[in-house]
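J.: kindly generate the corresponding structure for this input.
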Amino acid sequence: MKLPLFPLKSIFFPGETVPLHIFEPRYKQLIHDCRKEAITFGIPVYIKNTIAYGTEVQLVEVVTTYDSGAMDIMCVARQVFKVKTFNNQIGDKLYAGGIVEFLEYDYISNEGQKEKVLTKIQELYSMMDIPFALIKPKNFNSFKLAHKIGLSFEQEYELLQIPKEKDRLVFLEKHLIDTLFVLTVVEKTKEAIKLNGHFKNFDPLDFEDLNV
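T.: Have a look, this model is predicted:
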């Protein structure tokens, strides 16, 4: 499928709200075409000086238009794609485009698997003393809180490429287990440091019992 492309050093997951500030002439033209022709565009992820995967987005609303022609817009992320070809311009348009192939995604999982991930997220937030609003497993998927559990940019990019929901949940659970382990070690280290600053009663060694 041919799609206008707007490369960014950002990752957007399906279903996510995408706020963008548009100020370059080529992307002003793109948004004008989206409004006029009801087309979608893709945001391929610029990572390690290349683009390979991204997310199709659909314009929902132009929130603000400035005197300069710049715009604040709101979009919604839809499908994940793999970039097959990339051109700096499409025909006589200013903006880039290319041919993309949409990934076959699914959201099939069981509530038990979701509950395990949600429990780990709740533990993480509790350990960091951050309020956490409970989410029912039926309303939760792997992308719901993906930006809010400490994944690195590279990990988010890896998650974007996993087509099956059950595998994405396994990926998140492993990350959360590893993160909780690290935080637990850090907390224990902090406590040890505090204790080492206190006066203590040490039992003197009985040198007669030592075999030297």
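J.: okay, the most centrally placed residue in the chain: pLDDT?
T.: Centroid-nearest residue in the chain: H147, 3.9 Å away (criterion: C-alpha atoms, centre = their mean). H147 carries a pLDDT value of 96.
J.: ditto for V80
T.: For V80, the pLDDT comes out at 97.
J.: list the contacts of it.
T.: When contacts are counted by C-beta atoms under 8 Å, 6 or more residues apart in numbering, V80 touches P14, Y53, G54, T55, E56, F102, L103, Y105, L160, Q161. Using the backbone N, CA and C atoms, a C-beta is placed for each residue, glycine as well.
J.: just the ones of those residues in helices?
T.: Here DSSP state H is the test, and the contacts of V80 give L160 as lying in helices.
J.: same for the helix or strand bottoming out on mean pLDDT in the chain, what does it pack against?
T.: Ranking every helix and strand in the chain by mean pLDDT, DSSP states H and E puts helix 165-195 at the bottom, with a mean of 88. Helix 165-195 makes packing contacts with helix 111-127, helix 153-160 when contacts are defined by 3 or more C-beta pairs under 8 Å, 6 or more residues apart in numbering; DSSP states H and E.
J.: in it, what's buried?
T.: E165, K166, R168, L169, V170, F171, L172, E173, H175, L176, T179 (16 or more other C-beta atoms under 10 Å).
J.: mind listing what's buried along stretch 157-166?
T.: Buried-residue list, stretch 157-166, by 16+ other C-beta under 10 Å: Y157, L159, L160, I162, E165, K166.
J.: okay, angle between the longest strand seen in the chain and helix 153-160 too, please.
T.: Longest strand of the chain, by residue count under DSSP state E: strand 50-65. Orientation of strand 50-65 against helix 153-160 (axes from the mean of the first three to the mean of the last three C-alpha atoms, to 10 degrees) gives an angle of 90 degrees.
J.: and strand 50-65, which strands flank it?
T.: Strand 50-65 pairs in its sheet with strand 41-47 (antiparallel), strand 71-83 (antiparallel), by DSSP bridges.
J.: just those strands: most buried one?
T.: The highest average neighbour count among the strands paired with strand 50-65, using mean count of other C-beta atoms under 10 Å, belongs to strand 41-47 at a mean of 21.
J.: show me what it is in contact with.
T.: By C-beta under 8 Å, 6+ apart, the residues outside strand 41-47 that reach it are 3-12, 18, 30, 34, 51-57, 77, 81, 83, 86, 100, 153-154, 157, 160.
J.: what do you get for stretch 57-68?
T.: 12, 18-19, 23, 31, 34-35, 40-43, 71-78.
J.: how about 10 Å then?
T.: 6, 12, 14, 16-23, 28, 30-35, 38-43, 70-79 (C-beta atoms under 10 Å, 6 or more residues apart in numbering).
J.: picking that back up, quick one, the least confident helix or strand of the chain and helix 153-160 angle?
T.: With the same axes, to 10 degrees applied, the angle from helix 165-195 to helix 153-160 works out at 150 degrees.
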